[in-house]
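Participant: missing the sequence, but the structure's below:
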């Protein structure tokens with residue numbers, strides 16, 4: 001790419017990279033410091049990350065509020081500090097006797113316009129400090145619920161098994177959510193609605209606004 005490039009760059013983010021890592025790599029590839037993104041993906045997550053390069057960083061304002069699609073796997077029976085597989089297990093009530101019908105009913109309560117308490121390890125600032133810094137330091141973080149919209153919450157597969165003797169249920173889902181929705185909080189709340197606990201074991205963002213995986217480029221390809 002030339003140093004004068006301006007535009008949107010859609011990346012298929014690999015696992016174990018932070019969104020900042022991707023931005024830093026794009027700055028080198030595009031020979032400019034002026035690179036931003038239209039919404040963070042957690043290190044564990046993969047998929048669509050929209051970058052603005054050069055003058056196109058001004059366009060990111062219009063994409064930050066766009067709705068998004070995700071494919072995810074939710075593990076019921078265990079809760080973690082981070083509400084995903086990267087955090088330590090904080091509760092393990094198990095998921096024995098959870099029926100498909102009960103899971104479907106709980107999913108229905110989390111579909112539509114709902115009030116969601118963000119994950120404690122979100123980037124939301126609490127008294128000037130990121131919530132995740134406080135949570136990981138062992139501080140109890142109390143974030144207020146806020147309105148979000150889950151316009152689609154489809155269950156594709158339900159698998160029962162065990163982890164070290166603990167009965168768990170893995171649920172593959174596709175969700176379409178409004179900006180500001182935490183999919184790992186959906187996993188947490190699905191477990192809670194079933195009288196158990198839940199966290200994400202896999203997350204892939206497949207669309208941000210009008211940009212899907214069909215136009216996303218793996219970093220290796222860009223290099």
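Facilitator: Okay, I see it. Fair warning: this is a prediction, and the values are worked out from it, not measured in the lab. Residues are numbered from 1 along each chain as shown.
Participant: determine the longest strand present in the chain.
Facilitator: When the chain is parsed with DSSP state E, its longest strand is strand 146-163.
Participant: list the helices and strands it packs on?
Facilitator: When contacts are defined as 3 or more CB pairs under 8 Å, 6 or more residues apart in numbering; DSSP states H and E, strand 146-163 packs onto helix 100-109, strand 112-116, strand 166-177. Backbone N, C-alpha and C define where each C-beta goes, glycine included.
Participant: now do the first one: everything it contacts.
Facilitator: Think helix 100-109. Residues outside helix 100-109 that contact it (CB atoms under 8 Å, 6 or more residues apart in numbering): 76, 153, 155, 158, 169, 171, 173, 190, 193-194.
Participant: what residues sit buried inside that helix?
Facilitator: The neighbour-count check on helix 100-109 (16 or more other CB atoms under 10 Å) flags 103, 106-107 as buried.
Participant: all strands of the protein, in order?
Facilitator: Using DSSP E, the strands found in the chain span residues 7-13, 35-37, 46-53, 68-76, 79-80, 89-91, 112-116, 125-126, 129-130, 146-163, 166-177, 198-208, 211-212, 217-218.
Participant: okay if I get the ones you listed as a markdown table plus distance to residue 60, mean pLDDT and mean neighbour count?
Facilitator: Output for the strands of the chain, formatted as a markdown table (distance: least, CB to CB, whole Å; pLDDT from 0 to 100; neighbours: other CB atoms under 10 Å):
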| stretch | distance to residue 60 | mean pLDDT | mean neighbour count |
| --- | --- | --- | --- |
| strand 7-13 | 8 | 95 | 19 |
| strand 35-37 | 5 | 92 | 21 |
| strand 46-53 | 4 | 96 | 24 |
| strand 68-76 | 14 | 98 | 23 |
| strand 79-80 | 31 | 94 | 23 |
| strand 89-91 | 35 | 94 | 15 |
| strand 112-116 | 24 | 97 | 13 |
| strand 125-126 | 20 | 54 | 14 |
| strand 129-130 | 20 | 55 | 12 |
| strand 146-163 | 20 | 97 | 14 |
| strand 166-177 | 19 | 98 | 19 |
| strand 198-208 | 11 | 97 | 23 |
| strand 211-212 | 12 | 96 | 16 |
| strand 217-218 | 18 | 94 | 12 |
